[in-house]
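K.L.:
no sequence for this one, just the structure:
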C-alpha cells in the first residue's frame, strides 16, 4: 500500500520552493493552485491504485528474456496495461513542452509526480524516467525534424527511450567508450558495439524503443572529446513516424540483479548483422555535452527515487509499528504489551526515517524550483543565479538522497524485526531496490567529483557561499522563536553551517596542491552538504509551520517535531564529517595505506 | 575466494587479548603458541578450500523443503559432505570440554575459528553455531545423564542442536511464549505449539536434531517467570543414544528470506499428532535463565558473524579494486586509466571497511579473552572483574559488529559499482546475508536495552567506568609517540572517551526519572560505545605495532595507517552520537512526535 504524502508535498512546494512565485513567471501560468492540487491528487490516485499494487509482482515475477526475434523481453504481467494508463493520462508529458503534446508544467509540479511514481514502483518508473531523459536530450540537441518525429511519440508513450552509455570497459569512465559509428554517406551511420546496463533496453510495453547511444566516428579524437550521440530506434521509422524494418540492435541478455527486478537491464548488441542504423544528434564529438544535459535531469530524477523509496519504506514500517504488539513500554505506563511504536527505539528509528525523508524531499523540491526560475525568470542575471544554485544542488540531491535511501530502507527492515528479513513482508524489497540508487547515473563518488570540480572549484565557491549566507539568515530567524525545538535547530544548524563552510574552504584551498587529499574527502563533503542543506530546509519548514500553526495544528506540530528530530539525530553528523574532511586533511589516514599495504 | 586473515588474528590474540597470559592459566595450558598457530592454519585451510567455495551455491540453490515424512529439508548439495569434514576434524568441539570429547581450548582460540567459518559461509556456519548454543545450555543446566547422552553426539556432529524461542506472537517479547508442556507422570512431558524462525530446525546433514524448546508447564506463572526449557529430539533416543521413534515435531515450511538462504529457517509444529515428547532441563520455570546463558554465547557468536562477513566483503572489494581499471588518477600521476584502488574515494571506502572490521575483530577477541579469564583466573575477585567486563562487552560485540557489517557490506557493493548490483558478482550476497545479523539473537535495540539495564545501571556504571579509566591510560601512551597517526588517534580517542563518559553519566542520571529519554538514546549509546571501544583497541594495536615494527614493517605499518584511518573516519562519529543522546536529552525530538502525529 502506498499513499502519496500530498499534504507534505504541497506544503514544501508552497512554503519552501515558492510555488506561487514560480506560477507567476512567464511560461508557468498554468500552474495555478487548483491545477497543481488536481494534478497531485490524480497522480496520487493512479500511483496508489494502479501502479503500487504491481510492485511486489514485479519483484516476484521479473521481466523475462526469451530468445525469439533475436532477444525479446516480456515485462511483468500487468505492467504494459498500467503503462498504457500512465501515458494515456498524459503523465509522461507533465514537464514537457505543449508544442510536442506535453503539459508544459513547471519542474516543481512534475517533481512530486515523479516521486509518487517511484514510490509506487521503482522498477516501473524507470521506463518513463529514461524516456524523460531521451526527450530532454532531443529537445536540447536534436534538429527540428528529429524533435517533431520523436518527441510526441515519446510523450504519448507509443515509443519509449533509453540512454546507452556504459560498455564493459567504460562505466564511470566514458573516455573508454568504443562503440563505432560509421557514416554511410546518406546522412545515416552504422553502429557497431556492445552496450551494457541499459535500463528498459528491451521490452514489450511500447511499439518502438528509441535508443540514444554514445559512439565514436572513425576520425574522432581519443577520450571524451571524441564521443558523439546517436538516435538508434529498435524499428526504423520513416519521416511520418511509421515503423519500418527491425534495426540491427538486439538484446542478448538481461541481468540477474539484487533489486529493481521488474526493470530489465539489457545487454544490447549493435551491428552484429550488418550494422545498426542511426542518425546523429547535433554535431559530431559533442555527444558527452548533450548527454550531460540529459544526465543532469536523470540525476535529479534518481535523487527523487531515493526520496521516493525512503518514503515508501517509512510508510510500511510505520504501519507495522502501529499494528505489531510486543513487550510492555519501558516507562511502565501500561501493564500489558503495547504496539511497538510505543517503544522509544522504534520511535527513534521511525523519527529518523521520517526526518531524513522529509529533509531530502524539501531540498529536492527547492532545487526543482531553482530549475524553473533558471528557465523562466525574466531577468538574465537572476536566471544565471538560479541556474548556478540548481547545478550545485543536483549532485547533492542525487548523492545524498540515494545514500540516505539505503539507510532508511535498512531501518525499515529493522523496524520489522525478523519479519523484515522474510521476503513476503516486502520491506526487504525496498532495501534491495534502493541499493542501486547510489550507483547508477553516476556513483556517489562521481557526484562528489562533480560537486567539487564543476560546482565548487569552477566558481571559486560562490554558489556554496551564497547558500551559507542564506542559511545564516535562517539561523537568525530561528533565534527569534521560543521553544526547545527551535533552540536545538538553531544550535545544530549553526554548527552544521560552520562545518559546511569549513569544508568548502578546505576544498578551495587544497584542490590544486593536494588533489588526492581533497578527493579523499569528496564523498564526506557531499554528505555534509546534504545533511546541512536538508537541515536548513527542515529549519525553514519549522518556521513556516510555526506561522501557519492554526491552519492545521496536527500537521504543523508534527512538522516542528520532525524538524527537531532532524536537528538532534541527523545534523550533529555534520561536525563528524567535517573532522573526516578538514581536520583529517582529506583522509590522510586513508591515503597513508599504500596499495600494497592493503 | 576467502583467505583467513591469520596474521591479524594472531596479532590481536597475542598483543591485545593477552594469549600468553591466558595460556598460562590453569585449564588453558593446551593453548601453546604452536597449537594455536596450527589450529588457525588448519581452520583457515578447511574454511578456505572446502567451506567457502560452497557459499555461492548455497545462495543459488538454497535449502529446499519437501512434504515427505511430514516435512523434510534438503540442504544445498555439498553441504552435508562439508559438514562431515568439519565435524570429523573436531571443529565443533574446539571450545568444549575434553570430558565430552571436545578439545577444551580457550574461547580466545575458538573465536578466530568461528570467525573463519562464518566468513567462509554464513549459512553453513549457523548450524555449528546453534549446536554450540545447545551444548552450552546442556553443560550449564542439564543433568549428568543429559550431558553424557547429548553433548558427545553434538560435538561429534552425529546430531545437531537448535534453539526454539520465537513464536508468531513472541519475538523480542518472550513473556508471550505459549507453547505448552504437559507432564506425563513418567518424568517426560508432551509439548504442543508452534515455533518459528528456527535456524537449521530441519535438515538432512545429521542423523538427529536436538531441539531446545521454551515452553510453559500447566501451572506456570505468567510472563517470563513461567517458562521452562525442554530437550525435544527429532528422533527419540534411548539411554545409550540409539535412535528410536520419530518424535512429533515437524517442519511444516521454511522461510523465503532476503539472505542466508542456504540456512533453513523452519516453522516447527510440536504435538500435532499426539504431543512431542520432551525432557525438562534443570528446574521448571528457570528456562529463560538457562536460555540467557546460551544466548550470551550465541550473541557473542553473532557478533563474530558481523566481523566475519565484513572481512569477507572487504576482501572481495579489495580484489576488485586492484583489478578493475577505470579512469585516470585525479592527481595526474598517470596518463592512462588506472586500477580503481588509485582513486581516493575507493581508498576511503576500502580503508573504512578495513578499519571498522579490524576494530570490531580486536574488541571481540579481547572480549573472548575476558571470558577465558572470567572462567580460569585463580583469584575469585579477578574472575568477577573479568566476568563483568565480558558481560558489558557482549551486547556491544553483538550490536555494533552486526550494525557495522551492514555498512561494510554496503560499501563492498559500492566499490564494485554497477557490477555490485549483479548477483553473479557475489558482493550483493554479503549485503543480503548481513542484514539479518542486527536482528536475530536479539535486535540491536534488545542489545542496547541489555547494555543499559543489566550492564550499566545494575552496577552503577562500574564496568563502563573501568573501561573509561583504561582508555585514559592508552590516551596517555599515545601522547608519548611521535607522528601524525598517533596525534590524530590521541585527539579523537580522547574526545571519544569523553563522549562515552558523558553518555554513561546521562544514562545513570536519568534512567529512573526519564526512562523514555534514556531508552530513546539506547542504540546511539551502544553505537557510541562500540565506536570508541573498537577505536581504543585500534589505538592499542598501533602502540603494539610501533613497538614491533622491525619484525614486519609492512604488517605493522599497515596497522598504524589503518588505525589512523579509524581515528579520522570513524571515531569522530562518537561526538555526533553523544549529541543525539545527551544534548538531545535522549531523543526529545523523537519523543515529541506523538503516535497520532506519525
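P.N.:
Happy to help now that I have it. From a predicted model like this one, the values you see are computed outputs, not experimental measurements. Numbering: from 1, shown residues only, chains lettered A, B, ... in the order given.
K.L.:
C-alpha only now, for contacts and for neighbours.
P.N.:
Will do.
K.L.:
Surely residue A:323 and residue A:337 touch.
P.N.:
No - under the criterion of Cα atoms under 8 Å, residue A:323 makes no contact with residue A:337, lying 11.9 Å away.
K.L.:
Please see if the helix or strand bottoming out on mean pLDDT in chain A touches chain B.
P.N.:
Least confident element among the helices and strands of chain A, by mean pLDDT, DSSP states H and E: helix A:588-592 (a mean of 76). Yes - with Cα under 8 Å from any Cα of the partner chain as the criterion, chain B is reached by helix A:588-592 at A:588, A:589, A:590, A:591, A:592.
K.L.:
State whether residue A:596 is indeed within a helix.
P.N.:
Yes - assessed by DSSP: H, G, I helix; E, B strand; the rest coil, residue A:596 belongs to a helix.
K.L.:
what about it, distance to chain B?
P.N.:
9 Å (Cα to the nearest Cα, to the nearest Å).
K.L.:
neighbours of residue A:45, just the number please.
P.N.:
Residues contacting residue A:45 under the criterion other Cα atoms under 10 Å in any protein chain shown number 16.
K.L.:
Could you look up the SS state of it?
P.N.:
Relying on three-state DSSP, one would call residue A:45 helix.
K.L.:
show me the contacts for residue A:226.
P.N.:
By Cα atoms under 8 Å, 6 or more residues apart in numbering or on different chains, the contact set of residue A:226 is A:216, A:217, A:220, A:284, A:285, A:286.
K.L.:
ok, now residue A:270?
P.N.:
A:191, A:192, A:193, A:194, A:195, A:248, A:249, A:250, A:276 are the contacts of residue A:270 under Cα under 8 Å, 6+ apart.
K.L.:
before we move on, what about residue A:128?
P.N.:
A:92, A:160, A:161.
K.L.:
List just the nearest of the residues you listed to chain B.
P.N.:
Taking Cα to the nearest Cα as the measure, chain B lies nearest residue A:161 of those, at 20.6 Å.
K.L.:
just to revisit the earlier point, make CSV out of the residues of helix A:588-592 next to chain B and add distance to residue B:513 and neighbour count.
P.N.:
Converted to CSV, the residues of helix A:588-592 next to chain B look like this (distance: Cα to Cα, whole Å; neighbours: other Cα atoms under 10 Å in any protein chain shown):
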residue, distance to residue B:513, neighbour count
A:588, 45, 26
A:589, 43, 29
A:590, 44, 30
A:591, 48, 22
A:592, 48, 19
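K.L.:
closest to chain B among those residues?
P.N.:
Distances from chain B to the residues of helix A:588-592 next to chain B, taken by Cα to the nearest Cα, are shortest for residue A:589, at 4.2 Å.
K.L.:
Could you give the backbone dihedrals for the nearest residue to residue A:154 once chain neighbours are set aside?
P.N.:
Leaving aside its sequence neighbours, residue A:154 sits nearest to residue A:160 (Cα to Cα, 6 or more residues apart in numbering or on different chains; 5.5 Å). Note on residue A:160: its backbone torsions stand at phi -120, psi 170 [degrees, to the nearest 10].
K.L.:
about what we covered before: which one of residue A:323 and residue A:337 has more residues nearby?
P.N.:
Between residue A:323 and residue A:337, residue A:337 has the larger neighbour count (other Cα under 10 Å), namely 16 against 13.
K.L.:
Let me see the contact set for residue A:485.
P.N.:
With Cα under 8 Å, 6+ apart, residue A:485 has these contacts: A:560, A:561, A:563, A:564, B:589.
K.L.:
so what does the helix or strand containing residue A:358 touch, helix or strand wise?
P.N.:
Using DSSP states H and E, residue A:358 falls within helix A:344-376. On a contact count with 3 or more Cα pairs under 8 Å, 6 or more residues apart in numbering or on different chains; DSSP states H and E, helix A:344-376 meets helix A:19-23, helix A:107-120, helix A:287-321, helix A:380-415, helix A:522-548, helix A:553-565, helix B:515-520, helix B:588-592.
K.L.:
could you check whether the fifth one is close to chain B?
P.N.:
It stands for helix A:522-548. Yes - Helix A:522-548 reaches chain B (Cα under 8 Å from any Cα) through A:522, A:523.
K.L.:
That helix versus helix A:344-376: what angle between them?
P.N.:
Interaxial angle, helix A:522-548 versus helix A:344-376 (axes from the mean of the first three to the mean of the last three Cα atoms, to 10 degrees): 90 degrees.
K.L.:
If we go by neighbour counts, what in helix A:522-548 is buried?
P.N.:
Going by neighbour count (16 or more other Cα atoms under 10 Å in any protein chain shown), the buried part of helix A:522-548 is A:522-546.
K.L.:
One more: the first one?
P.N.:
Using 16+ other Cα under 10 Å as the burial criterion, the residues of helix A:19-23 that qualify are A:19, A:22, A:23.
K.L.:
Quick one: residues contacting the first one.
P.N.:
The reference is to residue A:19. Here residue A:19 is in contact with A:13, A:108, A:369 (Cα under 8 Å, 6+ apart).
K.L.:
With neighbour count and pLDDT as new columns, can those residues be given to me in a markdown table?
P.N.:
Listed next are the contacts of residue A:19 as a markdown table, based on neighbours: other Cα atoms under 10 Å in any protein chain shown; pLDDT from 0 to 100:
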| residue | neighbour count | pLDDT |
| --- | --- | --- |
| A:13 | 25 | 98 |
| A:108 | 27 | 98 |
| A:369 | 26 | 98 |
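K.L.:
Nearest to residue B:53, out of those: which one, please.
P.N.:
residue A:108 (51.5 Å; Cα to Cα).
K.L.:
show me the contacts for that closest one.
P.N.:
A:13, A:17, A:19, A:365, A:366, A:368, A:369, A:372 are the contacts of residue A:108 under Cα under 8 Å, 6+ apart.
K.L.:
phi, psi of the second one?
P.N.:
Read it as residue A:17. Torsion angles, degrees, to the nearest 10, at residue A:17: phi -100, psi -10.
K.L.:
What residues does it make contact with?
P.N.:
A:108, A:362, A:365, A:366, A:367, A:368, A:369, A:370.
K.L.:
In the sheet, which strands lie alongside the longest strand anywhere in chain A, parallel or antiparallel?
P.N.:
In chain A, assigned by DSSP state E, the strand with the most residues is strand A:188-199. Sheet pairing for strand A:188-199, assigned by DSSP bridges, gives strand A:180-183 (antiparallel), strand A:265-270 (antiparallel), strand A:276-281 (antiparallel).
K.L.:
ok, which stretches of the stretch 51-200 of chain A are helices?
P.N.:
Assigned by DSSP state H, counting those that start in this stretch, the stretch 51-200 of chain A shows helices spanning A:55-60, A:79-88, A:107-120, A:122-141, A:144-156.
K.L.:
Tell me which of those lies nearest to residue B:182.
P.N.:
helix A:55-60 (42.6 Å).
K.L.:
got the contact list for the residue in the stretch 351-500 of chain A positioned nearest to chain B?
P.N.:
Among the residues of the stretch 351-500 of chain A, residue A:422 lies nearest to chain B; the distance is 4.5 Å by Cα to the nearest Cα. Applying Cα under 8 Å, 6+ apart to residue A:422 gives the contacts A:428, B:255, B:256, B:257, B:258.
K.L.:
And the furthest pair within the residues you listed?
P.N.:
A:428 and B:255 (13.4 Å).
K.L.:
if you count what's nearby, which of these two comes out ahead?
P.N.:
Between residue A:428 and residue B:255, residue A:428 has the larger neighbour count (other Cα under 10 Å), namely 28 against 20.
K.L.:
looking at it, the more buried one is touching residue A:413, isn't it?
P.N.:
Yes - using Cα under 8 Å, residue A:428 is in contact with residue A:413, at 6.2 Å.
K.L.:
Spit out the residues that contact these two alike.
P.N.:
With Cα under 8 Å, 6+ apart, residue A:428 and residue A:413 have common neighbours A:420, A:421.
K.L.:
From the contacts of residue A:17, list the buried ones, please.
P.N.:
The buried subset of these - by 16+ other Cα under 10 Å - is A:108, A:362, A:365, A:366, A:367, A:368, A:369, A:370.
K.L.:
Among these, pick out the one closest to residue B:452, please.
P.N.:
For those, the nearest to residue B:452 is residue A:362 (36.2 Å; Cα to Cα).
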